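*Asks:* Just a sequence and a predicted model for now, questions to come.
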Amino acid sequence: MKKITFYTMETSPYAAKVYYCLIYKQLIFETVYVNPFKMKQQLPFGKQVPVLTIDDKSFANSTDICLWLDEEFPDKPLVPANLKKQVADFDHWISETLIPLSFYSVYPTTRNLTGVYNAWKLGRTVKKTTQGEFSSTVVLLWPLVLRYAPFIKKIYKNIKKRGSISKVREICLDHLEKSLGPFLIKNEHITIVDIFVYSQFALPRKLGLLDSNYFLNRPKIRDWYQKMERLLVENTMPKSQNIV
Ligand SMILES: N[C@@H](CCC(=O)N[C@@H](CS)C(=O)NCC(=O)O)C(=O)O
């Protein structure tokens, strides 16, 4: 059996894409939570999470990792040969709009107090998962860490130009609704982009962030999300507990 190691931060929207691909494929993997201040020392490769290692090979960049996983573990395929272009285009939209929206929602400013609370919540999660490497003061200051992290600042600056958080949310939900039928990119079956989009909705809910249920107001998206949840949650249950 191949040995899989997943280097991650529990709060990373990019890492969430990889996590749910691993879950969907029902793979057994070891998780290594990386300290965000020691990325270079703790990662086997590169300086950003996620990184995935399979036996002696490592990959970085969430989409590349997931495509590689799909090739290495072809059961339950996620990228049909005839849909490669549609998948690539939709993935581009996810990277340019949906993931930046995830950062927008937790970006702390004096006008976005929900973002301050959410940022603080993220700090608590990082503290828990990195096993005592952080003091409580660092957690308290986490909103400032997020606010001034160069890669987040850059994402925030770009997405802010497109309007308020609620406006960008509506734009995203409209785009998703148009693409559904029954799965995204109007496909009959699940593809990798369903998992990527699902991960962006599921992560804030899993972390208990404020305002993370906004997408449930759209019945079409809610139905799809619940269908995805059934597909993924069933996979996390030990086989003996599955209800046949
Ligand atoms: N394009 C990369 C982006 C990964 C990324 O930005 N990860 C963030 C965590 S959410 C990170 O490690 N940032 C540290 C840094 O850039 O210094 C991917 O898709 O995996």
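*Replies:* Received the coordinates, thanks. Numbering: from 1, shown residues only.
*Asks:* Low-confidence ranges, this structure, go.
*Replies:* By pLDDT under 70, the low-scoring segments of the chain are 235-244.
*Asks:* Let me see the ranges of the strands in it.
*Replies:* All strands of the chain, identified by DSSP state E, fall at 4-8, 30-33, 51-54, 57-60.
*Asks:* Out of the ones you listed, which gets nearest to Phe215?
*Replies:* strand 4-8 (23.7 Å; Cβ to Cβ). (C-beta placed from N, C-alpha, C; glycine too.)
*Asks:* Same question for the closest one: list its buried residues.
*Replies:* Judged by neighbour count using 16 or more other Cβ atoms under 10 Å, the buried positions of strand 4-8 are Ile4, Thr5, Phe6, Tyr7, Thr8.
*Asks:* related to what we said a few turns ago, so which of the strands of the chain is nearest Ser135?
*Replies:* strand 30-33 (17.0 Å).
*Asks:* now what about the closest one, what contacts it?
*Replies:* Applying Cβ atoms under 8 Å, 6 or more residues apart in numbering, the contact partners of strand 30-33 are Lys3, Ile4, Thr5, Phe6, Tyr7, Thr8, Met9, Glu10, Gln42, Thr129, Thr130, Gln131.
*Asks:* overlap between the buried residues of strand 4-8 and the residues near the ligand?
*Replies:* Taking Cβ under 6 Å from any ligand atom as the test, the ligand is in contact with none of these.
*Asks:* ok, back up a step: which of the strands of the chain sits most buried?
*Replies:* strand 51-54 (a mean of 23; mean count of other Cβ atoms under 10 Å).
*Asks:* helices and strands around that one, which ones?
*Replies:* Here strand 51-54 touches strand 4-8, strand 57-60, helix 62-72, going by 3 or more Cβ pairs under 8 Å, 6 or more residues apart in numbering; DSSP states H and E.
*Asks:* In contact with the nearest residue to Arg124 once chain neighbours are set aside, which residues?
*Replies:* Spatially, and ignoring its direct neighbours in sequence, Arg124 is nearest to Val139 (5.6 Å; Cβ to Cβ, 6 or more residues apart in numbering). Neighbouring residues of Val139 by Cβ under 8 Å, 6+ apart: Trp120, Gly123, Arg124, Val126, Lys127.
*Asks:* and the closest residue to the last one other than its chain neighbours, how far is that from Gln42?
*Replies:* Residue nearest to Lys127 in three dimensions, not counting chain neighbours: Phe134, with 4.4 Å by Cβ to Cβ, 6+ apart. Distance, Phe134 to Gln42, by Cβ to Cβ, to the nearest Å: 14 Å.
*Asks:* how about Tyr117, what does it touch?
*Replies:* Under the criterion of Cβ under 8 Å, 6+ apart, the contact list for Tyr117 reads Leu210.
*Asks:* please renumber so the chain begins at 766
*Replies:* Sure, I'll start counting at 766 from here, so that last one is Tyr882.
*Asks:* ok, now how distant is Arg987 from the ligand?
*Replies:* Relative to the ligand, Arg987 is positioned 27 Å away (Cβ to the nearest ligand atom, to the nearest Å).
*Asks:* thinking again about what came up before, same list as before, the helices and strands packed on strand 816-819 that is, but in CSV and with distance to Lys926 included.
*Replies:* As requested, the helices and strands packed on strand 816-819 are exported to CSV (distance: least, Cβ to Cβ, whole Å):
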stretch, distance to Lys926
strand 769-773, 30
strand 822-825, 28
helix 827-837, 24
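*Asks:* Tyr779 is nearest to which of those?
*Replies:* Comparing the helices and strands packed on strand 816-819 by Cβ to Cβ, helix 827-837 comes nearest, at 4.1 Å.
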